[in-house]
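> Quick one, what's the 3D model for this:
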Amino acid sequence: MVRSPGHIIVFLLLAQCVAAKQIIVCPGCPIVSVNEAIKVAQHGDEILIRSGTYEEYGIVIDKQIKISGEKGTVVDGLNKGEIFTVIADHVEISNLTIQNVGTSYTEDRAGIRIRKSRNFKITSNRLINTFFGIYLEHSSYGKVAGNFVEGEAEEEMSSGNAIHAWYCNQIEITDNEVRNHRDGIYFEFVDSSYIKGNLSEENLRYGLHFMFSNDDNYFQNVFRDNGAGVAVMFSKNINMWDNQFIMNWGKSSYGLLLKEIYDAEIVNNRFQENTIGIYVEGSTRINYRNNDFVQNGWAIKISGGCLDNAISQNNFISNTFDLSVRNNKNKNLFDGNYWSSYTGYDLDKDGIGDVAYRPVKLFNYIVDTSPESMVLMRSLFVDLVNFSEKVSPIFTPKNVIDAKPHIRPFKRKAI
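Numbers count the residues shown, from 1 in each chain. So this is what the prediction gives:
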């Protein structure tokens, strides 16, 4: 009987599955190193590393295999170089402690590098002092989930990123904890991917850094106590939902920076105790909806070139300044927000203030032009200045006005 090509392919795949084996690595085993295990492995094999410390680096994975470790399994690079480099598809690395890559000023060394790979999984690993933690390049359809990545960054020029993705697509970055790197998570030319449920804190520069990356989603992440929270630049079609931007303080720090962003949704986020909640520059068609801005220096700062944006159904609570708009000629909507500093009234009891609200105060305008005037904050002089502008607006933008200010705060809605 003549077999069709399809039958032959199925037979070969079944034969490969049957032949797949588990390779054990341990000090007392026939195979004592990870490198040796990879050399004898075939496609589809699984390498199990027993508990212990293995002093290895320069491990190249060029086969479709799974590598996992028992509790207490450590692969130590002795600060001599990159530890794992993956150049095959369908590779899985899990349950390992990977440490001590060593700083380099000439190459981007990583604890785990994924290069030109598809359908990979990097899960439940601990990466300690690895310069770059997990480095993805020219790869797709991969998952990086449940990893703990902690660096020893002291200055930007001598530190790498915890999770770094470059020229990738269809990547899932979920439920990781990253800290003490230059950037917690870095995307450059990464499309159609998402970042969910991560904690990124105490990084020198950004908790999350986006550049030239389109059609991405990030949601339910926490960005806390970083040099700056998140920077999203030169990208389009970005959805930002259910995130927390907390305690990103500094001279020019912010919870979220938007620079030349188009067609984005910023919904249901919390911006609390940041120097600037959101700083926006040259961004168009952005919807800011159902966000909480609480106890920030500035809730939102809008620079030039921002058009057709809508800021509505947000809560502005106890910020030093709710809104700063540096361009008198803007085409944006500010209606329907709750402002804790609103002092109007609601005679018809419909929940909407009967008097329009101007969120840009004169003292805000003064501080923008003369930052040293901030020393007058909380003084009677400031109250008088703001009251005079409220009675007869001259300096503040005339078209920055909430015609329908809400009397009570909005409740956060589930996405």
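
> From the contact counts, what lies against the host helix or strand of residue 285?
Using DSSP states H and E, residue 285 maps to strand 284-289. Contacting strand 284-289 under the criterion 3 or more CB pairs under 8 Å, 6 or more residues apart in numbering; DSSP states H and E are the following elements: strand 256-267, strand 307-312. Any C-beta I mention is one placed from the backbone N, CA and C, and that applies to glycine too.

> Mean neighbour count, the ones you listed: which tops it?
Comparing the helices and strands packed on strand 284-289 by mean neighbour count (mean count of other CB atoms under 10 Å), strand 256-267 ranks first with a mean of 21.

> so where is the stretch 1-150 of the chain shaky, pLDDT-wise?
For the stretch 1-150 of the chain, residues meeting the criterion pLDDT under 70 lie at 1-19.

> residue boundaries of the helices in the chain?
With DSSP state H as the criterion, the chain has helices at 5-19, 34-40, 362-369, 380-391.

> Please tell me I have it right and residue 185 contacts residue 201.
No - if you go by CB atoms under 8 Å, residue 185 and residue 201 don't touch, sitting 11.6 Å apart.

> Compare these two (neighbour count), which wins?
residue 185 (30 against 20; other CB atoms under 10 Å).

> okay, now the closest residue to residue 158 other than its chain neighbours: neighbour count?
Computed as CB to CB, 6 or more residues apart in numbering, the closest residue to residue 158 that is not its neighbour in sequence is residue 103, at 5.6 Å. Neighbourhood size, residue 103 [other CB under 10 Å]: 14.

> shouldn't residue 103 be in contact with residue 155?
No - the criterion here is CB under 8 Å, and residue 103 misses it with residue 155 at 10.7 Å.

> got a list of contacts for stretch 142-154?
Contact with stretch 142-154 is made by 111, 114, 117-131, 133-134, 136, 159-160, 162-163, 168, 170-182, 203-204, as judged by CB atoms under 8 Å, 6 or more residues apart in numbering.

> Weed out the non-buried ones from these.
Restricting the contacts of stretch 142-154 to buried positions leaves 111, 114, 117, 120-131, 133-134, 136, 159-160, 162-163, 168, 170-171, 173-182, 203-204, with burial counted as 16 or more other CB atoms under 10 Å.

> which ones are touching residue 107?
Counting by CB under 8 Å, 6+ apart, residue 107 makes contact with residue 82.

> The strand holding residue 285 versus strand 256-267: what angle between them?
60 degrees (axes from the mean of the first three to the mean of the last three CA atoms, to 10 degrees).

> sorry, back to before: overlap in contacts, residue 185 and residue 201.
178, 207.

> what about residue 195, neighbour count?
Neighbours of residue 195 (other CB under 10 Å): 28.

> which residues touch it?
Neighbouring residues of residue 195 by CB under 8 Å, 6+ apart: 173, 174, 185, 187, 208, 216, 217, 218, 219, 221.

> cool, residue 210 as well?
Counting by CB under 8 Å, 6+ apart, residue 210 makes contact with 187, 216, 230, 231, 232, 233, 235, 238.

> Give the rounded mean pLDDT of stretch 192-205.
In this model, stretch 192-205 carries a mean pLDDT of 96.

> got the end-to-end distance for that stretch?
Counting by CA to CA, to the nearest Å, you get 24 Å between the two ends of stretch 192-205.

> Same question for that stretch: list its buried residues.
Under the neighbour-count criterion of 16+ other CB under 10 Å, stretch 192-205 has 193, 195, 196, 197, 198, 199, 200, 201, 202, 203, 204, 205 buried.

> any chance of these in TSV, with distance to residue 360 too?
Shown next, in TSV, are the buried residues of stretch 192-205 (distance: CB to CB, whole Å):
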residue	distance to residue 360
193	37
195	33
196	35
197	36
198	34
199	34
200	32
201	32
202	34
203	32
204	33
205	30
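
> Give me the nearest residue to residue 231, chain neighbours excluded.
Excluding its sequence neighbours, the residue lying closest to residue 231 (CB to CB, 6+ apart) is residue 257, at 4.3 Å.

> Please tell me the pLDDT value assigned to the one you found.
On pLDDT, residue 257 comes in at 96.

> Do I have it right that residue 162 meets residue 177?
No - the criterion here is CB under 8 Å, and residue 162 misses it with residue 177 at 9.1 Å.

> Low-confidence stretches in the stretch 251-400 of the chain?
252, 327-330, 361-397.

> try 50
372, 375-376, 380-382, 385-386, 389, 391, 394 (pLDDT under 50).

> So which bits of stretch 324-344 are buried?
Neighbour-count burial for stretch 324-344, counted by 16+ other CB under 10 Å, picks out 324, 325, 326, 330, 332, 334, 335, 336, 337, 338, 339, 342.

> For residue 214, see how far away residue 262 is.
In this structure, residue 262 and residue 214 are 9 Å apart, going by CB to CB, to the nearest Å.

> shared neighbours of the two, anything?
Common neighbours of residue 262 and residue 214 are listed as 235, 236, 237 (criterion: CB under 8 Å, 6+ apart).

> export those to TSV and tack on neighbour count, distance to residue 32 and pLDDT?
TSV is the format used below for the shared contacts of residue 262 and residue 214 (neighbours: other CB atoms under 10 Å; distance: CB to CB, whole Å; pLDDT from 0 to 100):
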residue	neighbour count	distance to residue 32	pLDDT
235	25	47	97
236	17	51	97
237	16	50	97
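
> Report how many residues lie close to residue 62.
Neighbour count of residue 62, defined by other CB under 10 Å: 12.

> Enumerate every residue touching the closest residue to residue 205 other than its chain neighbours.
Nearest non-adjacent residue to residue 205, counting by CB to CB, 6+ apart: residue 227, 4.8 Å away. Shown in contact with residue 227 (CB under 8 Å, 6+ apart): 203, 204, 205, 206, 248, 250, 253.

> you'd agree the fifth one is up against residue 222?
This points to residue 248. No - counting by CB under 8 Å, residue 248 stays clear of residue 222, with 11.3 Å between them.

> Look up how far residue 263 lies from residue 256.
According to CB to CB, residue 256 and residue 263 sit 16 Å apart.

> Residue 164 now?
Residue 164 sits 26 Å away from residue 263, going by CB to CB.

> per-residue confidence at the residue positioned nearest the centre of the chain?
The centre of the chain sits closest to residue 208, judged by CA atoms, centre = their mean, with a distance of 3.1 Å. As predicted, residue 208 sits at a pLDDT of 97.
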